[in-house]
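Asker: this one's sequence-less:
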């Protein structure tokens with residue numbers, strides 16, 4: 001986890017803090033962007049190797065952000081996981097079909113969140 005460089009794209013301060021605390025506890029380097037547009041700006045300066053994306057963002061939502069990432073050869077294979085308060089089996093299936101590598105409903109449970117991030121980052125099935 002020491003070589004992870006996560007970008008948390010989350011507009012809700014409380015949710016961003018929960019994810020940040022989990023990452024900090026596990027000594028994962030991370031930054032927070034409050035919008036997809038802010039994330040794109042940050043990525044032009046310093047490319048992360050993991051994206052943690054909320055679906056409900058102001059401006060470009062998480063779906064649009066993922067489509068933009070997957071459509072760019074530079075970021076097409078960048079691991080991206082979704083976190084959302086809009087939990088349903090349909091949304092989970094749509095997220096994976098859209099190209100997210102993992103799906104988490106809020107509130108995020110720390111142990112399973114980190115375990116799944118490890119799976120995504122190591123490419124294990």
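Answerer: Happy to help now that I have it. On a predicted model such as this, the values are computed, not experimentally measured, just so you know.

Asker: who touches the most centrally placed residue in the chain in this structure?
Answerer: Among the residues of the chain, the one closest to the centroid is residue 52, at 1.1 Å (CA atoms, centre = their mean). If you count contacts by CB atoms under 8 Å, 6 or more residues apart in numbering, residue 52 has them with 6-10, 19, 80-81, 83. (Each C-beta comes from the backbone N, C-alpha and C, glycine too.)

Asker: got a list of what residue 33 touches?
Answerer: For residue 33, the contact set (CB under 8 Å, 6+ apart) comprises 7-10, 39, 41-42.

Asker: Mind telling me what element residue 51 is part of?
Answerer: Residue 51 is part of strand 50-54 when elements are defined by DSSP states H and E.

Asker: and residue 89, how many neighbours?
Answerer: Residues contacting residue 89 under the criterion other CB atoms under 10 Å number 7.

Asker: Next one: residue 87, what pLDDT does it get?
Answerer: Taken from the predicted model, the pLDDT recorded for residue 87 is 80.
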